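Asks: Below: sequence and its predicted model.
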Amino acid sequence: MEWQFFLEVLVGGLLAGVMYSLVALGFVLIYKASGVFNFAQGAMVLFAALSFVSIQAMGVPFWLALLLTLVLMVALGVGIERVVLRPLVNQPPITLFMATIGLSFFLEGLAQMVWGTDVHGLELGIADEPFDVAGVFISKFDLFAAAVCGTLVATLALFFSKTKLGRALRAVADDHQAAMSVGIPLKHIWAIVWGVAGFVALVAGLLWGSRLGVQFALTLVVLKALPVLILGGFTSVPGAIVGGLIIGAGEKLAEVYLGPFLSGGIENWFPYMLALLFLLVRPEGLFGEKHIERV
Amino acid sequence: MKQTIIAASLVLATVAGSALAADQFIPIPSYRVGPYASGGAKFYGGMIDYLNYVNLKEGGVGGVKLTYEECETEYKNDRGVECYERLKAKNGGASAFNFMSTGITYAVMDRADKDKIPLMTMGFGRADAQDGRAFKYTFPLITSYWSQATAKIQFIGQRLGGMDKLRGKKIVNLYHGSAYGKETIPVLDAMAKKHGFELKHIEVPAPGTEQQSQWLDIRRERPDFVVLRSWGVMTPAALKSAQKVGYPREQIVSNWWGGSEEDAIAAGEAAKGYIAGSFALDGKQFPVIQDIEKVVYGAGKGNLSDKGYMGTVNYNRGVVSGILMVEAIRAAQKKYGAKTLSGDQIRWGMENINIDAKRQQALGVTDMFPQVRTSCQNHEGSGYTRFMQWDGKDWKPVSGWIKADTSVTLPLIKASVEKYVQEKGITLRDCNAEK
């Protein structure tokens, strides 16, 4: 049935979009708090997943390995802030961006040097098998990933709105100098944000690693997050989710229904085109902050 | 006094020169870091182990010691070209290069022609380079992409119970969205025409991390088989996506780039039953692998960081690469003498490799790879492919060696060579005159 197939493509696309959002979230967190576009997010995803499977390969039980990797990733995030970014405070954004490019190469090399170059399988105990809902096949793993992502977003939303630390983060995001003037310790806030980004990288690394195997190519998943960021805005957590859903569904439907007329394989460039078209209408993205500068 | 120093220096220089003259230099453009490091470290580890094995076991080839130097390409074209330029004239000159990369090979082909240095493109391309009259310095040894593509279809025919059973069947060619991925489209089209099956090409945009829509399309098409032309992360992503839409992995047949432990392990349970072609079998049952372990690792000179990788698919491919390189040197020495040989002389040797059943037995490689006999015109020298199935832990052979369908490949090669010759403004070599 054609409508069933359409639904399958749509639902599959929406669920794939959730996976993109997961990666986009890491970017948003750091950009929101520090204005830095973290080019190293993909390398952090690889580092997290590779650390987890390598620790597990030493015979460490799943939950302990998860905890140890979490500690490692938070330490890494805090370390990056301390060693790479703090010395660059008050430098132009492009300088910070360039620093994260260097950081990306460093992390990729470090991960392979410490944990080796082997490809690892990663099973989270959720089989990537379909189940039938009125003739529409839906992946159990995709639903699990969506649930994880939903929980993560809800937790982050609560953290940002209900905790003192979260409010401090939002204050920093709004205006660095104003936040510092009321006594918010900017450097500590940045360290926390990088730590949280490390945690998000771990979650993304586990889910993507489970799907693709834990290998260097995990660094490439960021390519899927970029159009999500353009569409959703670089500073909005809900934007990352909605952007992911639109991009995921859009690219799948385009590949299936437009692809045959454009010789196929359009999934790579179509999301960017969609995002750019969107920018023509809303330059700040769906949920991005509108900047008005008075001159 | 001054004259004595000059004389002594001249003597030393002569000694050093003669020491160099007794070596045969083999450049190793490896990739041990970056996205493909896992396979690269094993492949080049196997190749280096074999070179060391020949040095330790026989004192080199005909008394000429084999030397090598590695250069890290990271599987990147620019770095590959840099490695080529850095190593081509080193230590008496490069014997031959094996980049294990289609992209780098294409990038250096014209340079290698000019420098008269052979390129080993074992298992890959370009496929038309098997015609040595047009491609004097390129050697797609054992099996080219086109040969493998025809072998895949023949294998599917065998699974169905005969080539005549292909008529009316449907096959999807799921290919990597790159020049590599598209290279077999004409050959598969020709096979579809010949055997009367329906063929649908579906592109996966590189690198292939996301394949949801392609596999939903496949599920809708309900093909009898999917031939996979993948590389790197595209392979596990394809297998996981196939599992997700419920497509049986036993009906997915890949070429050798998707047929290593790395590809299957990354996909976990989803890889069970998946089939891939190969030009070299895995395992430690071959006498040559066992002897390398004894001689090279026994002497503490093994190249692998972990000896446990011996016998893996990529390791064994590396050993095969080393064997073909050494056999080319042996052949060239028969013509030019046991001394340091130039790239062009090694090219002659590579055109005169003869690994028949007797030689395979002597080398301890019977059934590890097919017999190889090259010539001035035939730079492939074999054209056989074998298929293996992943049982969840290991690759197991599920076919014999299947010969390429030359009735399909040769006309395509002829047409491609004619076009190439015209584009480059070159004339074909007269192989009879060169005998």
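Replies: Here it is on my side, so go on.
Asks: which element is residue B:389 on?
Replies: Assigned by DSSP states H and E, residue B:389 belongs to strand B:384-390.
Asks: Walk me through which strands that strand pairs with, and which way each runs.
Replies: Next to strand B:384-390 in the sheet, as set by DSSP bridges, lie strand B:275-278 (antiparallel), strand B:395-397 (antiparallel), strand B:402-403 (antiparallel).
Asks: What ranges does the chain have for its strands?
Replies: Using chain A here. Applying DSSP state E to chain A gives strands spanning A:130-133, A:136-139.
Asks: try chain B instead
Replies: Here chain B has its strands, by DSSP E, at B:23-28, B:65-70, B:119-120, B:138-139, B:170-177, B:198-205, B:225-229, B:252-254, B:275-278, B:354-355, B:372-373, B:384-390, B:395-397, B:402-403.
Asks: longest single helix anywhere in the chain?
Replies: Looking at chain A here, since you left the chain open. Scanning chain A for the longest helix, with DSSP state H as the assignment, gives helix A:2-34.
Asks: that's the wrong chain, I wanted chain B
Replies: As assigned by DSSP H, the longest helix anywhere in chain B is helix B:313-336.
Asks: roughly how far is it from the heart of the chain?
Replies: 12 Å (CA atoms, centre = their mean, to the nearest Å).
Asks: can you list the residues of the stretch 101-250 of chain B near chain A?
Replies: Counting by CB under 8 Å from any CB of the partner chain, the residues of the stretch 101-250 of chain B close to chain A are B:177, B:201-207, B:209-210, B:212-214, B:216-217, B:219-220, B:232-233, B:236-237, B:240, B:243-246. Where you see a C-beta, it was placed from the backbone N, CA and C, and this is true even at glycine.
Asks: so what's the residue in chain A positioned nearest to chain B closest to, chain neighbours aside?
Replies: Using CB to the nearest CB, the single residue of chain A nearest to chain B is residue A:213, 2.3 Å away. Excluding the flanking residues, the one nearest residue A:213 by CB to CB, 6 or more residues apart in numbering or on different chains is residue B:266, at 2.3 Å.
Asks: Correct me if wrong: that neighbour contacts residue A:216.
Replies: No: taking contacts as CB atoms under 8 Å, residue B:266 lies outside contact range of residue A:216: 10.9 Å.
Asks: what about these two, which has more around it?
Replies: Under the neighbour definition other CB atoms under 10 Å in any protein chain shown, residue B:266 and residue A:216 were set side by side, and residue B:266 has more, 29 against 22.
Asks: Could you list which residues are in contact with that one?
Replies: Residue B:266 makes contact with A:119, A:120, A:121, A:212, A:213, A:214, A:215, B:233, B:235, B:236 under the criterion CB atoms under 8 Å, 6 or more residues apart in numbering or on different chains.
Asks: For residue A:185, state which of those residues is nearest.
Replies: residue A:214 (36.1 Å; CB to CB).
Asks: tell me which residues form a beta bridge with that closest one?
Replies: The bridge-partner assignment for residue A:214, based on DSSP bridges, gives residue A:120.
Asks: That one: neighbour count?
Replies: Look at residue A:214: counted by other CB under 10 Å, it has 27 neighbours.
Asks: So for it, what's the pLDDT?
Replies: For residue A:214, the model assigns a pLDDT of 93.
Asks: related to what we said a few turns ago, buried ones in the longest helix of chain A?
Replies: Across helix A:2-34, burial judged by 16 or more other CB atoms under 10 Å in any protein chain shown covers A:5, A:7-34.
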